[in-house]
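Novice: Predicted model and sequence follow; I will ask about them next.
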Protein chains: 2
Amino acid sequence: MSNQPPLTVVDLNGDAPCCAPLVQRRVPAETAAVLAPAFKALGDPVRLQLMSMIASAEGGEVCVCDLTPAFDLTGPTISHHLKTLREAGLVDAERRGTWVYYRVRPAILRQLAALLTVEPAAAR
Amino acid sequence: MSNQPPLTVVDLNGDAPCCAPLVQRRVPAETAAVLAPAFKALGDPVRLQLMSMIASAEGGEVCVCDLTPAFDLTGPTISHHLKTLREAGLVDAERRGTWVYYRVRPAILRQLAALLTVEPAAAR
DNA sequence: ACGCTGCCTTGACGCCTGTCGAATCAGACA
DNA sequence: TGTCTGATTCGACAGGCGTCAAGGCAGCGT
C-alpha cells in the first residue's frame, strides 16, 4: 500500500457495476488500486460492525451518539474509524444541529459484492 | 504446506450463507472478528489481483510461476501475499512436483458477497 | 549422488495503523 | 455573550504490515 494520491474514487458513485466478477476476468491494476482501499476499510472488526450498524439502521442513518456507546472504545477512536470509512467512500456524513448522522453509499457496496460474485451474472 | 493449525475459520468452509447481509441485520462481534480478516486480506491491490488471477484462471488453478512475473515484486513478497490469502482462508495451495498451484475457495467468497448484498433477497 | 532450479521461510527495516488523552471546533441554550 | 455538550483533530505510542536480501528445502535432471 505504498501511496495513494488523495483517493479519487473514480466512478464508484455511479450505479453501474463497473467491474466484472473476480472469477471471470482478471481485475486490472487500476481497478485493484481503487477497490482495495474499500476492502481494507472493511478489514477491521470495529469498522465492519460500524458499517453494519449504519446500513441496517432504521431510516438508513445513525447518529454518532448511538454508535460510540456500542463499543468499548473512546470517542476519538470511533471517530477515526468513521473517518476511514468516509475516506474509503463507504459512508457519508452529515451534521444536523448538534448531532452528526452517517449513512452508507449503496453503490459502492453493490460494486464490491458484484466483484465477489461467484456465479456468472445470470442472477440479475 | 496445506496444513494449518491456526486459522480457525469456524464455519467458513460450509457452503451455507452463514450471515445475513450487512444492511439487514447488525453483524455480531464474533462474526465481524471472523470475516474482517478476509476483507483485510483483500485490502491490498496486489492480493486483490492475485486473487483475481487465481479465480479467473483456466481450470480454476494457477502455478506460482505464472503469478510472480506478473508483478514488479520479488518472489518472497509474492509468496508472503499468497500466505496471507491462505491464512485468511481465501485460497488453497497444493504442491505437485516442482510447482505449487493455488485455487480459490468459492464458499468464503460467496459469504463475503452475501454480506455485502444490498438488495433484499428478491433478485434471486 | 550431485548440482540446479523453483518456491518458501527467516530476519530486518521503515511505514502505516489502532488506540488513547488532550486540545479544538461546531451548535444549542440560557 | 458565555457556557455546555457532542464530534473531530492533534500528538504520541505500541504493534502490525509490506518489502527485500539471504538462507533453506523439495524435486528434477544429468
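Specialist: Good, I have the coordinates.
Novice: name the element the closest residue to A:Ala88 other than its chain neighbours belongs to?
Specialist: Closest residue to A:Ala88 apart from its sequence neighbours, by Cβ to Cβ, 6 or more residues apart in numbering or on different chains: A:Ala41 at 3.6 Å. In short, each C-beta sits where N, CA and C put it, glycine included. Element membership of A:Ala41, judged by DSSP states H and E, is helix A:29-42.
Novice: hmm, back to that, how much space between the residue nearest to A:Ala88 and DNA strand C?
Specialist: 8 Å (Cβ to the nearest atom of the strand, to the nearest Å).
Novice: One more: A:Tyr102?
Specialist: Distance from A:Tyr102 to DNA strand C, by Cβ to the nearest atom of the strand: 16 Å.
Novice: just A:Gly89 next, same as before
Specialist: A:Gly89 sits 15 Å away from DNA strand C, going by Cβ to the nearest atom of the strand.
Novice: Can you pull out the low-pLDDT segments for chain A?
Specialist: Along chain A, segments meeting pLDDT under 70 span A:1-18, A:120-124.
Novice: what packs against the helix holding A:Ala41?
Specialist: helix A:45-55, helix A:75-87, helix A:106-116, helix B:29-42, helix B:45-55 (3 or more Cβ pairs under 8 Å, 6 or more residues apart in numbering or on different chains; DSSP states H and E).
Novice: Of all these, which one comes closest to A:Val23?
Specialist: Nearest to A:Val23, of all these, is helix B:45-55, at 4.1 Å by Cβ to Cβ.
Novice: on that earlier part again, next, count neighbours for the residue nearest to A:Ala88.
Specialist: Burial of A:Ala41 is recorded as 23 neighbouring residues (other Cβ atoms under 10 Å in any protein chain shown).
Novice: likewise A:Ala57?
Specialist: Applying other Cβ under 10 Å, I find that A:Ala57 has 19 neighbouring residues.
Novice: and the gap between it and B:Leu109?
Specialist: A:Ala57 is 27 Å from B:Leu109, where distance means Cβ to Cβ, to the nearest Å.
Novice: Look up how far chain B lies from A:Trp99.
Specialist: 20 Å (Cβ to the nearest Cβ, to the nearest Å).
Novice: Ramachandran angles for that residue?
Specialist: A:Trp99 adopts backbone torsions of phi -110, psi 160, taken as degrees, to the nearest 10.
Novice: Is it in contact with A:Cys63, as I believe?
Specialist: Yes - counting by Cβ atoms under 8 Å, A:Trp99 does reach A:Cys63; the two are 4.7 Å apart.
Novice: For the residue sitting nearest the centre point of chain A, which residues are in contact?
Specialist: Central residue of chain A (Cα atoms, centre = their mean): A:Leu90, 2.5 Å from the mean position. Taking Cβ atoms under 8 Å, 6 or more residues apart in numbering or on different chains, we find A:Leu90 in contact with A:38, A:41-42, A:51, A:104-105, A:108-109.
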